[in-house]
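*Asks:* When you get a sec, could you give me coordinates for this:
(one chain, ligands or ions: 1)
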Amino acid sequence: VTLQPEVQTLWPGLLFDGRTGLSYGLSPAVVERWLGGEAPGPLVLSRAAALGMMGGIDILACRVLPNPDALLLPARPALLLPHPFEQGPGGHARHLWPLSPAGLALWRAPGPTLRDRARQARRTEAEALSFAARAVGAGVQAWRLLPPGLRVPFRLVTPPRPAAPRPAGMLSAEGETQLGEWHRTLAHGEGHFDEVETTLAWSFGLPHPALGGQTYGARLAGALSERGLLPSRRRRPSGTMGSLQIVEIGPGSGEVARALLDHLGPDWGGRYTRVEGSPGLRAVQRALLPETDELAALVPPLDLPDASVDLLLANEVIADLSSAPWAPGEGGPVAEWVGRFGLHVHPGRAWYNTGSFALLLEIGRVLRPGGAAVLTEFGDEEGAPEEAAHLDHAEVGICWAHLATLARALGLEATLCPVAELLRMDLGAPWLRRGHWASLRALAHLHGQSLPARAWTLRSLPTPPEPVEGLAEVTLRERGAGPDVGRFSALILRRSALNR
Ligand SMILES: C[S@@+](CC[C@H](N)C(=O)[O-])C[C@H]1O[C@@H](n2cnc3c(N)ncnc32)[C@H](O)[C@@H]1O
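*Replies:* Alright, predicted model coming up:
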């Protein structure tokens with residue numbers, strides 16, 4: 001068994017073919033045996049042969065598969081690419097790969113195979129082979145060359161993404177997440193949702209085709225009105241809503257609150273109270289929402305009187321509340337929540353949303369008869385919550401079935417709905433491909449500028465600071481210029497008008 005000399009182990013368990021850029025994952029034991037001269041078994045051999053790692057392929061007859069995340073900067077000329085091995089918790093760093101005139105011509109040339117491209121670009125086969133050898137290199141990965149008959153999607157060959165470190169104090173001695181201090185010391189609100197954490201609401205805070213040309217906030221106001229949770233300016237009999245109390249926990253940038261208040265109109269006569277734990281965000285909210293009341297506090301508890309709230313909103317907040325790891329058989333607070341409310345138990349050691357459980361008790365207490373609460377967040381209907389390991393703070397997704405069970409035990413009606421359905425988002429609408437959006441942000445930084453973290457489309461995108469070729473859109477079902485829409489749900493809770 002002879003491997004091509006260009007096939008190298010990039011790291012244990014991964015063979016990389018330096019002629020084609022194709023890779024093949026193997027268990028470390030198989031790699032060791034193979035490199036030690038032992039035959040690795042017929043299945044592995046036939047796969048390696050199919051990938052051409054054992055020789056016998058005509059490189060010029062290979063199909064060229066360009067990296068779909070690569071963008072061409074023709075003025076330099078250079079390719080702007082994710083760097084395969086420079087990866088932080090937030091994703092891949094970008095690098096510029098300068099192109100020679102031959103490289104530029106070969107990159108732009110049409111044609112499925114390397115030989116076709118050479119012809120179209122009027123370059124010799126030797127030039128094409130020399131460019132390809134560098135373009136498929138492990139540290140570049142601008143191209144991959146597919147031997148005839150092989151069809152594989154382009155995936156970067158890269159070590160796993162590291163998790164963001166967790167500063168001391170963000171996890172209690174028992175491993176429970178606690179973000180109180182992180183929020184209390186968050187002094188700079190401006191830019192927070194562009195640079196630190198981008199919410200779905202912020203991402204869709206500008207008019208978007210997926211929302212029929214509306215913003216997230218305007219669409220949410222409409223959806224809440226249709227469900228009878230928010231009075232509509234048009235349908236409201238005058239003078240009937242004077243005592244309406246709306247409470248929003250964690251309004252962030254304030255954009256959603258602004259949209260709800262604009263929907264209600266200037267003379268709605270009720271009170272809108274913001275409950276916010278971060279001083280930097282309170283300052284931003286005060287500027288945008290001068291007509292609102294402010295409660296500077298971390299929830300839970302909720303420092304509001306019993307039965308005093310008509311509508312409570314927490315948009316993408318509850319993943320910030322504490323979650324605790326727990327395994328069946330252990331004692332402690334999670335065991336008490338599980339036992340008290342009959343919550344289903346996840347297999348093994350898993351996260352439980354203890355902070356949200358405590359907040360629900362408070363919501364049950366403060367909602368008026370006929371009142372409602374809307375909680376949106378990322379999470380899973382029944383499965384164990386996951387931690388968003390790429391953020392600089394420990395956010396844990398929600399197990400919605402636990403919250404619904406608990407709410408029902410408190411006498412509330414609970415309905416779970418995907419946010420995309422609540423807002424009637426068109427998931428077939430376009431937005432920029434995630435990799436291109438990340439590259440454009442890096443390009444803006446190169447020019448000393450910044451590109452806000454909005455759900456840009458090719459039409460809405462601000463003009464890049466230099467010409468860019470190759471920008472592409474995908475649908476909202478795919479990874480684009482913002483959080484993955486499909487991961488977000490809304491839990492709608494109602495207290496019956498008859499029930500106290
Ligand atoms: C992820 S942001 C969401 C902001 C906004 N609602 C949106 O959807 O864009 C979370 C917000 O909740 C606030 N927050 C987080 N934990 C909180 C707590 N325990 N008490 C009060 N506010 C909190 C944050 O400061 C921030 O305003």
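
*Asks:* tell me which parts of this structure are close to the ligand?
*Replies:* Residues of the chain found near the ligand (Cβ under 6 Å from any ligand atom) are 183, 197, 199, 201-202, 249-253, 256, 275-278, 281, 298-299, 315-317, 320-321. Backbone N, C-alpha and C define where each C-beta goes, glycine included.

*Asks:* So which of these belong to strands?
*Replies:* Among those, the residues falling in strands (DSSP state E) are 249, 275-276, 315.

*Asks:* Between the residues you listed, which sits nearest S46?
*Replies:* Top of the list for closeness to S46, among these and by Cβ to Cβ, is N315 at 52.5 Å.

*Asks:* Quick check, pLDDT for that closest one.
*Replies:* Looking at N315, its pLDDT reads 98.

*Asks:* Could you do H83 as well?
*Replies:* H83 carries a pLDDT value of 97.

*Asks:* need the contact list for it.
*Replies:* H83 makes contacts with 92-95, 139, as judged by Cβ atoms under 8 Å, 6 or more residues apart in numbering.

*Asks:* S460 too?
*Replies:* Going by Cβ under 8 Å, 6+ apart, S460 touches 206, 208, 454.

*Asks:* what mean pLDDT does the strand of greatest length in the chain have?
*Replies:* If you go by DSSP E, the chain has its longest strand at strand 367-380. Mean per-residue pLDDT for strand 367-380: 97.

*Asks:* buried ones in that strand?
*Replies:* Buried positions in strand 367-380, judged by neighbour count with 16 or more other Cβ atoms under 10 Å: 367-368, 371-379.

*Asks:* hmm, back to that, which of the contacts of H83 sit farthest apart?
*Replies:* Longest span within the contacts of H83, Cβ to Cβ: R94 and G139, 13.4 Å.

*Asks:* Who has more neighbours out of those two?
*Replies:* With neighbours defined as other Cβ atoms under 10 Å, R94 and G139 compare such that R94 has more, 21 against 11.

*Asks:* In terms of helices and strands, where is the more buried one?
*Replies:* R94 is located in strand 91-98, with elements delineated by DSSP states H and E.

*Asks:* what pairs with that strand, and is each one parallel or antiparallel?
*Replies:* strand 78-88 (antiparallel) (DSSP bridges).

*Asks:* Could you tell me how far the partner strand lies from the centre of the chain?
*Replies:* 19 Å (Cα atoms, centre = their mean, to the nearest Å).

*Asks:* Kindly report the same for stretch 206-217.
*Replies:* Averaging C-alpha positions (Cα atoms, centre = their mean) puts stretch 206-217 18 Å from its chain's average.

*Asks:* for stretch 386-396, same thing?
*Replies:* Distance, centroid of stretch 386-396 to centroid of chain: 11 Å (Cα atoms, centre = their mean).

*Asks:* Now do the buried residues in the lowest-mean-pLDDT helix or strand in the chain.
*Replies:* Sorting the helices and strands of the chain by mean pLDDT, DSSP states H and E puts helix 28-35 at the bottom, at a mean of 80. The neighbour-count check on helix 28-35 (16+ other Cβ under 10 Å) flags 30-31, 33-34 as buried.

*Asks:* Now do the contacts for A50.
*Replies:* By Cβ under 8 Å, 6+ apart, the contact list for A50 reads 147, 150.

*Asks:* Please report phi then psi for it.
*Replies:* Main-chain dihedrals, A50, degrees, to the nearest 10: phi -60, psi -40.

*Asks:* Distance of it relative to the ligand?
*Replies:* For A50, the distance to the ligand (Cβ to the nearest ligand atom, to the nearest Å) stands at 47 Å.

*Asks:* pretty sure L65 is in a strand, no?
*Replies:* Yes - the assignment for L65, made by DSSP: H, G, I helix; E, B strand; the rest coil, places it in a strand.

*Asks:* In CSV: the buried residues of strand 367-380, plus distance to A407.
*Replies:* Converted to CSV, those look like this (distance: Cβ to Cβ, whole Å):
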residue, distance to A407
L367, 10
R368, 16
G371, 13
A372, 11
A373, 9
V374, 12
L375, 9
T376, 15
E377, 14
F378, 19
G379, 15
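
*Asks:* for these, which one is nearest the ligand?
*Replies:* The closest of these to the ligand turns out to be T376 (Cβ to the nearest ligand atom; 7.5 Å).

*Asks:* burial of the residue nearest to the closest one when sequence neighbours are not counted, as a residue count?
*Replies:* The shortest distance from T376 to any non-neighbouring residue, by Cβ to Cβ, 6 or more residues apart in numbering, is to A490 (4.5 Å). A490 has 23 neighbours, counted by other Cβ under 10 Å.

*Asks:* The helix or strand hosting A490 relative to strand 367-380, how many degrees between them?
*Replies:* Using DSSP H and E, A490 maps to strand 488-494. When axes from the mean of the first three to the mean of the last three Cα atoms, to 10 degrees is applied, the directions of strand 488-494 and strand 367-380 differ by 160 degrees.

*Asks:* With R123 as the reference, measure out to the residue nearest to L81 when sequence neighbours are not counted.
*Replies:* Nearest non-adjacent residue to L81, counting by Cβ to Cβ, 6+ apart: A70, 5.0 Å away. For A70, the distance to R123 equals 19 Å [Cβ to Cβ, to the nearest Å].

*Asks:* Among those two, which residue is more densely surrounded?
*Replies:* More crowded of A70 and R123, by other Cβ under 10 Å: A70, with 23 against 19.

*Asks:* Show the contacting residues for that one.
*Replies:* Residues counted as contacts of A70 (Cβ under 8 Å, 6+ apart) are 79-81, 142, 470.

*Asks:* Quick check: phi and psi on L260?
*Replies:* phi -60, psi -40.

*Asks:* which ones are touching the closest residue to it other than its chain neighbours?
*Replies:* Sequence neighbours aside, A221 is the residue nearest to L260 in space, at 4.9 Å (criterion: Cβ to Cβ, 6+ apart). Counting by Cβ under 8 Å, 6+ apart, A221 touches 230, 259-260, 262-264.

*Asks:* Apply 6 Å and report the result again.
*Replies:* In this structure, A221 makes contact with 259-260, 263, judged by Cβ atoms under 6 Å, 6 or more residues apart in numbering.

*Asks:* So Q120 is in contact with P112, correct?
*Replies:* No - look at Q120 against P112 with Cβ atoms under 6 Å: they stay out of range, at 10.7 Å.

*Asks:* Next, count neighbours for E248.
*Replies:* A total of 25 residues lie near E248 under the criterion other Cβ under 10 Å.

*Asks:* How much space separates the residue nearest to it when sequence neighbours are not counted from S356?
*Replies:* Nearest non-adjacent residue to E248, counting by Cβ to Cβ, 6+ apart: L313, 4.6 Å away. Distance, L313 to S356, using Cβ to Cβ: 15 Å.

*Asks:* Please say which of the two ends up with more neighbours.
*Replies:* Legend: neighbour count by other Cβ under 10 Å for L313 and S356, higher for S356 (30 against 25).

*Asks:* That one belongs to a helix, doesn't it?
*Replies:* Yes - judged by three-state DSSP, S356 forms part of a helix.

*Asks:* what sits against it?
*Replies:* So S356 contacts 318, 321, 403 (Cβ under 6 Å, 6+ apart).
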